[in-house]
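Student: No sequence on hand, only this structure:
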């Protein structure tokens with residue numbers, strides 16, 4: 001049970017020393033302790049059932065506290081009941097969000113990005129991750145309910161903070177530009193630092209960030225991206241092939257997730273991380289495979305395609321109407337089948353290919369929410385007899401909630417369509433045919 005110290009470094013193990021020693025010899029992990037029945041654990045480790053139950057209850061209570069919610073009683077925690085009885089004012093942090101400065105996107109996210117939680121934004125390159133993060137750097141400085149009235153901390157593992165683009169959003173955004181000087185966000189209230197490798201990343205997060213939160217009244221911590229240093233450390237030739245390296249990476253990811261949750265809960269800050277994606281390979285039909293599949297053409301279908309060809313932004317009907325088989329198996333217990341529930345890819349009808357967020361299931365289990373930014377190509381139409389073209393003339397982007405602890409996406413499997421423009425990001429209405437204005 002040595003992993004209990006890794007999960008909960010501050011737990012008091014003195015009352016359970018003998019029990020933990022027996023469980024260690026029996027190769028029983030913390031996960032086994034919480035998922036297996038106490039009778040099975042007690043039999044395998046040769047300890048009493050009461051000791052197993054007491055240790056399990058302590059472990060679960062500690063994990064609940066780390067995740068930011070305590071045992072409740074009639075819908076209220078013991079602390080709330082005590083405050084109500086004493087008549088004192090409840091001074092604990094309230095549930096607050098950081099807005100995306102777009103009503104439709106906020107609605108899809110359940111209000112925005114909440115303080116006290118660890119959220120991930122993932123997507124392909126040029127999907128709009130950095131644009132959304134830059135908007136949050138400014139929004140957190142606004143007074144509630146749009147923001148928290150605090151400063152932001154931007155930690156980069158790749159390119160440095162783009163202050164030019166940040167200033168462009170500040171001056172061009174229709175909401176921010178109308179605020180008075182005293183209400184408007186400022187670039188001086190955005191702190192930034194570079195994380196060169198895993199060692200410096202761990203040092204900054206554990207020792208410098210808590211000090212900076214208290215000193216600068218930080219309300220938002222952004223890490224862009226969370227996967228870069230892990231890829232540089234473990235994906236080099238020969239490093240990722242050994243089981244020891246995989247085990248060490250899983251341990252570091254668990255410790256990082258535990259520390260970020262503790263920062264978010266203890267200081268009531270929002271932690272938002274960007275994540276890269278990987279290609280998911282398998283026996284699936286791709287978007288372009290479906291596009292070039294010959295289909296019988298009737299007179300009515302020919303006239304329909306001719307009509308659509310006159311619309312430069314139209315996606316040929318065989319791309320939007322033909323379902324694509326995206327699973328290599330229908331077994332509900334297989335990882336390939338389950339990935340659509342936590343990756344954000346696999347249940348859309350328009351995707352060219354499937355992706356999966358980096359760092360795997362170990363990192364996924366550390367998150368309160370995963371927000372996925374999807375890209376759909378707009379193809380240049382060609383002669384209806386030859387089928388759709390292969391030239392990409394633009395992109396459609398969608399924001400989708402893969403999973404969340406406080407909201408659900410009510411906008412269908414495709415999410416909310418948005419565009420990247422000079423003002424940052426904004427949702428697109430159903431009747432908006434202005435096209436995507438790409439920001440440089």
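Tutor: Arrived safely. If you're wondering where the values come from, they're calculated on a predicted model, not measured in any experiment.
Student: For residue 174, which residues are in contact?
Tutor: By CB atoms under 8 Å, 6 or more residues apart in numbering, the contact set of residue 174 is residue 423. Heads up, the C-betas are built off the backbone N, CA and C, glycines and all.
Student: Surely it is in a strand?
Tutor: No: checked against DSSP: H, G, I helix; E, B strand; the rest coil, residue 174 lies outside a strand; its state is coil.
Student: Relative to residue 398, how far out is it?
Tutor: 22 Å (CB to CB, to the nearest Å).
Student: which stretches of the stretch 1-150 of the chain form helices?
Tutor: 3-7, 17-25, 30-35, 38-45, 49-67, 78-86, 103-108, 129-139 (DSSP state H, counting those that start in this stretch).
Student: meant to ask about the stretch 151-300 of the chain
Tutor: Using DSSP H, counting those that start in this stretch, helices in the stretch 151-300 of the chain cover 163-172, 198-203, 209-216, 228-234, 243-267, 287-291, 299-309.
Student: Ok, which of these comes nearest residue 9?
Tutor: Closest approach to residue 9 among those is made by helix 243-267 (7.9 Å; CB to CB).
Student: from the chain's centre, how far out does the closest one sit?
Tutor: 15 Å (CA atoms, centre = their mean, to the nearest Å).
Student: Report all helices and strands that it contacts.
Tutor: helix 3-7, helix 49-67, strand 118-123, helix 209-216, strand 218-224, helix 228-234, strand 270-275, helix 360-364 (3 or more CB pairs under 8 Å, 6 or more residues apart in numbering; DSSP states H and E).
Student: longest strand in this structure, by residue count?
Tutor: strand 392-404 (DSSP state E).
Student: now the angle from the next helix or strand after that one to strand 392-404?
Tutor: Next along the chain after strand 392-404, taking DSSP states H and E as the criterion, comes strand 416-421. With axes from the mean of the first three to the mean of the last three CA atoms, to 10 degrees applied, the angle from strand 416-421 to strand 392-404 works out at 130 degrees.
Student: what residues are up against the spatially most central residue of the chain?
Tutor: The centre of the chain sits closest to residue 120, judged by CA atoms, centre = their mean, with a distance of 2.1 Å. For residue 120, the contacting residues are 226, 272-275, 357, 367, 369-371, by CB under 8 Å, 6+ apart.
Student: Enumerate every residue touching residue 167.
Tutor: Contacts of residue 167 (CB under 8 Å, 6+ apart): residue 187.
Student: same deal with the one 10 residues further on?
Tutor: By CB under 8 Å, 6+ apart, the contact set of residue 177 is 170-171.
Student: before we move on, what about residue 11?
Tutor: Here residue 11 is in contact with 4-5, 58-59, 62 (criterion: CB under 8 Å, 6+ apart).
Student: Would you reformat those as CSV and include neighbour count, distance to residue 332 and pLDDT?
Tutor: Listed next are the contacts of residue 11 as CSV, based on neighbours: other CB atoms under 10 Å; distance: CB to CB, whole Å; pLDDT from 0 to 100:
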residue, neighbour count, distance to residue 332, pLDDT
4, 21, 31, 73
5, 13, 35, 70
58, 17, 34, 85
59, 19, 29, 82
62, 16, 32, 79
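Student: now, the most widely separated pair of those residues?
Tutor: Checking those with CB to CB, the most distant pair is 5 and 58, at 13.6 Å.
Student: before we move on, back to that, residue 17 is nearest to which of the helices and strands packed on helix 243-267?
Tutor: helix 49-67 (11.0 Å).
Student: which residues touch that closest one?
Tutor: Against helix 49-67 from outside (CB under 8 Å, 6+ apart): 4, 7-8, 11, 16, 19-20, 30, 33-34, 38-39, 41-42, 45, 70-71, 258, 261-262, 265.
Student: mind giving me the domain split of this structure?
Tutor: 3-85, 97-278, 280-427 (automatic domain parsing).
Student: what is the mean pLDDT for the second one?
Tutor: The predicted model gives domain 97-278 an average pLDDT of 92.
Student: Can you tell me which of the helices of the stretch 1-150 of the chain is most buried?
Tutor: helix 129-139 (a mean of 24; mean count of other CB atoms under 10 Å).
Student: That helix to strand 392-404, inter-axis angle?
Tutor: 60 degrees.
Student: just how off-centre is helix 129-139 within its chain?
Tutor: 14 Å.
Student: Check which helices and strands it is in contact with.
Tutor: strand 118-123, strand 151-156, helix 163-172, strand 218-224, strand 270-275, strand 424-427.
Student: and the longest strand of the chain, what does it pack onto?
Tutor: Going by 3+ CB pairs under 8 Å, 6+ apart, strand 392-404 lies up against helix 103-108, strand 369-379, strand 416-421.
Student: Tell me the strands beside the last one, with direction?
Tutor: Right, strand 416-421. Next to strand 416-421 in the sheet, as set by DSSP bridges, lie strand 392-404 (antiparallel), strand 424-427 (antiparallel).
Student: List the buried residues of the first one.
Tutor: Counting neighbours by 16 or more other CB atoms under 10 Å, one finds that the buried residues in strand 392-404 are 395-404.
Student: Give me the contact list for that strand.
Tutor: With CB under 8 Å, 6+ apart as the criterion, strand 392-404 contacts 105, 108-110, 126-128, 312-313, 341-344, 368-380, 407-409, 411, 413-420, 435-436.
Student: Report the rounded mean pLDDT for it.
Tutor: According to the model, strand 392-404 has a mean pLDDT of 89.
Student: can you check stretch 41-48 too?
Tutor: Per-residue scores along stretch 41-48 average to 86.
Student: circling back to that earlier point, mean pLDDT lowest where, among the helices and strands packed on strand 392-404?
Tutor: For these, where the average pLDDT is lowest is strand 369-379, sitting at a mean of 89.
Student: tell me which strands and helices that strand is in contact with?
Tutor: Taking 3+ CB pairs under 8 Å, 6+ apart as the contact cut, strand 369-379 packs with strand 118-123, strand 392-404.
Student: Of the ones you listed, which is nearest residue 202?
Tutor: strand 118-123 (16.3 Å).
Student: what's the angle between the closest one and helix 243-267?
Tutor: Going by the same axes, to 10 degrees, strand 118-123 makes 120 degrees with helix 243-267.
Student: so strand 118-123 versus strand 218-224, what angle?
Tutor: Using the same axes, to 10 degrees, strand 118-123 lies at 40 degrees relative to strand 218-224.
Student: on that earlier part again, wait, which of the helices and strands packed on helix 129-139 is closest to residue 250?
Tutor: Judging the helices and strands packed on helix 129-139 by CB to CB, what sits closest to residue 250 is strand 270-275, at 16.2 Å.
Student: Adjacent strands (with direction) for the closest one?
Tutor: By DSSP bridges, strand 270-275 pairs with strand 118-123 (parallel), strand 218-224 (parallel).
Student: who's in contact with that strand?
Tutor: Contacts for strand 270-275 (CB under 8 Å, 6+ apart): 98, 113-122, 129-130, 133, 136, 140, 148, 219-227, 260-261, 263-264, 357-359, 363.
Student: With that, I have no additional questions.
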